[in-house]
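Colleague: got a sequence here, can you model it:
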Amino acid sequence: MFSGGPLGVVEDSGIPAGSADYTTVVILHGFVYHSKIFTKLVPLGRLFNARGILVNRRDYPGSVPYTEEELSLLAPQPLENAEDDDMATAMNAQGVEAFMMARAREVCQLLEGLVTSGEVPIADRKCNVGGITIAGWSMGTGWMTALLTYAPSFPVGTVNLADYILRVVFLDPPFCILGYPTSENGLYNPLFEEDIPPEERESAFVPWVSGYFKHGSTGNTLALKTPLENPTPTLARITPQELASIVYHPPGKPDGSDAILLHRGIEVGLWMSLRRRSLARGRKHGWDSVEVRNITCEQSVCDCLWSMMCLKKDVEEARSQGLPVRDVRFVSIRNANHFVQWDQPENLLRALIGDEAIV
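Modeller: The predicted structure follows:
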């Protein structure tokens, strides 16, 4: 199995037998639920001419834990020398930005390692084969916007990585990880509800985030708190043994690395900055040619539907104004919730590597 360096490769399906133009699908996970939750995709890869590699981010099983020095970048900085609030915000943003630049570098190193191993066909964007499709699910989308933002500034090594990247995928991201504000009528997420004690937010998060919701087509008609009774929430249907194999709580606790990063990124405007820079054209080394794809699960939580609405509006407005914005392909998966990888793994693979706008 391929080694991911400080990142943890938890599964690798291997190269499809007899294929010379397969696509390597690399997936990074979200908050608390790590990449083992994508394990149902692995045996399906051969049906789609794909190799699947599931990667755990730092601080999750199989990866290298963060050092105290690395985590110190997320700590609020002393602001005695700040002349005003804007300067204070900028000073605090520097450390969080340095933290995410380092994460982008780790992703690049993993992908470069794949390419230099000689096991990745060059991306053929016209025929939609070969290369690497890399996806970040939920909070993992922050690693994708960081990759698109910082990778073009990294020195080109023995290979030009952009030549091998078929697409970068935002997989059902919540609005906060793309740096959008909430809707006018407000949204809901147990992780941010002040009336829920911090130590209870994760347990409230579980049935909500894995539920199915019936939404309207506008921000004002999104279902917020209560999922449908049928289908039942994904996490209510899995066995204790299965749950233990896909969840790792420490990074999500109030003092955990993911929880701190999530909130600090919001406080200093990092997620918004990464989204804006990741979608801007004018990148070096061929990164402008890399497709960006946003996948939305139609019965996911309100946060993810609102995220898609905001992103689509942003891209359409930028195009109408003639601004240099990337082409973003929007793909929807019918009757799917935020845990589509568990309930509909085949449809997710079609959305990741196929040409359909609606799966």
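Colleague: only C-alpha atoms from now on, for both contacts and neighbour counts.
Modeller: Noted.
Colleague: what helices or strands is the strand or helix carrying Cys304 leaning on?
Modeller: For Cys304, the enclosing helix or strand under DSSP states H and E is helix 302-320. Helix 302-320 sits against strand 291-297, with contacts defined as 3 or more CA pairs under 8 Å, 6 or more residues apart in numbering; DSSP states H and E.
Colleague: kindly recompute the last result at 6 Å.
Modeller: Packed against helix 302-320, as judged by 3 or more CA pairs under 6 Å, 6 or more residues apart in numbering; DSSP states H and E, are no other helices or strands.
Colleague: show me where the stretch 51-200 of the chain has its helices.
Modeller: Along the stretch 51-200 of the chain, counting by DSSP state H, counting those that start in this stretch, helices occupy 68-71, 85-116, 141-150.
Colleague: now those helices as TSV including mean neighbour count, distance to Leu274 and mean pLDDT?
Modeller: Below are these laid out as TSV (neighbours: other CA atoms under 10 Å; distance: least, CA to CA, whole Å; pLDDT from 0 to 100):
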stretch	mean neighbour count	distance to Leu274	mean pLDDT
helix 68-71	12	19	96
helix 85-116	18	9	89
helix 141-150	25	6	98
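Colleague: nearest to Gly5, of those helices?
Modeller: Each of the helices of the stretch 51-200 of the chain has some distance to Gly5 by CA to CA; the shortest is helix 85-116, at 6.7 Å.
Colleague: how far out from the middle of the chain is that closest one?
Modeller: Relative to the centre of its chain, helix 85-116 is centred 15 Å away, using CA atoms, centre = their mean, to the nearest Å.
Colleague: ok, now stretch 195-213?
Modeller: Relative to the chain's own centre, stretch 195-213 is displaced by 20 Å; criterion: CA atoms, centre = their mean.
Colleague: list the contacts of it.
Modeller: Stretch 195-213 is contacted from outside by Pro190, Leu191, Pro227, Leu228, Pro233, Thr234, Leu235, Gln299, Asn337, Phe339, using CA atoms under 6 Å, 6 or more residues apart in numbering.
Colleague: with neighbour count, pLDDT and secondary structure added, can I get those in a markdown table?
Modeller: Below are the contacts of stretch 195-213 laid out as a markdown table (neighbours: other CA atoms under 10 Å; pLDDT from 0 to 100; DSSP: H, G, I helix; E, B strand; the rest coil):
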| residue | neighbour count | pLDDT | secondary structure |
| --- | --- | --- | --- |
| Pro190 | 20 | 87 | helix |
| Leu191 | 20 | 80 | helix |
| Pro227 | 21 | 92 | coil |
| Leu228 | 13 | 95 | coil |
| Pro233 | 22 | 95 | coil |
| Thr234 | 20 | 97 | helix |
| Leu235 | 18 | 94 | helix |
| Gln299 | 24 | 98 | coil |
| Asn337 | 27 | 98 | coil |
| Phe339 | 25 | 98 | coil |
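Colleague: any idea how far the residue nearest the centre of the chain lies from Gln77?
Modeller: Residue closest to the average C-alpha location in the chain (CA atoms, centre = their mean): Thr141, at 2.1 Å. Distance of Thr141 to Gln77, computed by CA to CA, to the nearest Å: 26 Å.
Colleague: count the neighbours of Val159 for me.
Modeller: Counted with other CA atoms under 10 Å, the neighbours of Val159 add up to 12.
Colleague: show the pLDDT at it.
Modeller: Val159 is assigned a pLDDT of 91 by the prediction.
Colleague: do you know how far it is from Leu111?
Modeller: Distance, Val159 to Leu111, using CA to CA: 11 Å.
Colleague: return the helix or strand in the protein with minimum mean pLDDT.
Modeller: Taking mean pLDDT, DSSP states H and E as the measure, the helix or strand of the chain with the lowest value is helix 201-209, at a mean of 85.
Colleague: could you pull up the mean pLDDT of the helix or strand that comes right after that helix?
Modeller: Counting by DSSP H and E, the element after helix 201-209 in chain order, helix or strand, is helix 240-246. Over the span of helix 240-246, the pLDDT mean works out to 96.
Colleague: any idea how far apart the tips of stretch 194-202 sit?
Modeller: For stretch 194-202, the end-to-end distance is 13 Å (CA to CA).
Colleague: buried residues in it?
Modeller: Arg201, Glu202 (16 or more other CA atoms under 10 Å).
Colleague: the chain should start at 52 in everything you say after this.
Modeller: Got it, first residue is 52 now, which makes that one stretch 245-253.
Colleague: before we move on, the earlier item: can you put the contacts of stretch 246-264 in JSON lines and add distance to Arg380?
Modeller: JSON lines is the format used below for these (distance: CA to CA, whole Å):
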{"residue": "Pro241", "distance to Arg380": "30"}
{"residue": "Leu242", "distance to Arg380": "29"}
{"residue": "Pro278", "distance to Arg380": "28"}
{"residue": "Leu279", "distance to Arg380": "29"}
{"residue": "Pro284", "distance to Arg380": "28"}
{"residue": "Thr285", "distance to Arg380": "27"}
{"residue": "Leu286", "distance to Arg380": "30"}
{"residue": "Gln350", "distance to Arg380": "19"}
{"residue": "Asn388", "distance to Arg380": "20"}
{"residue": "Phe390", "distance to Arg380": "21"}
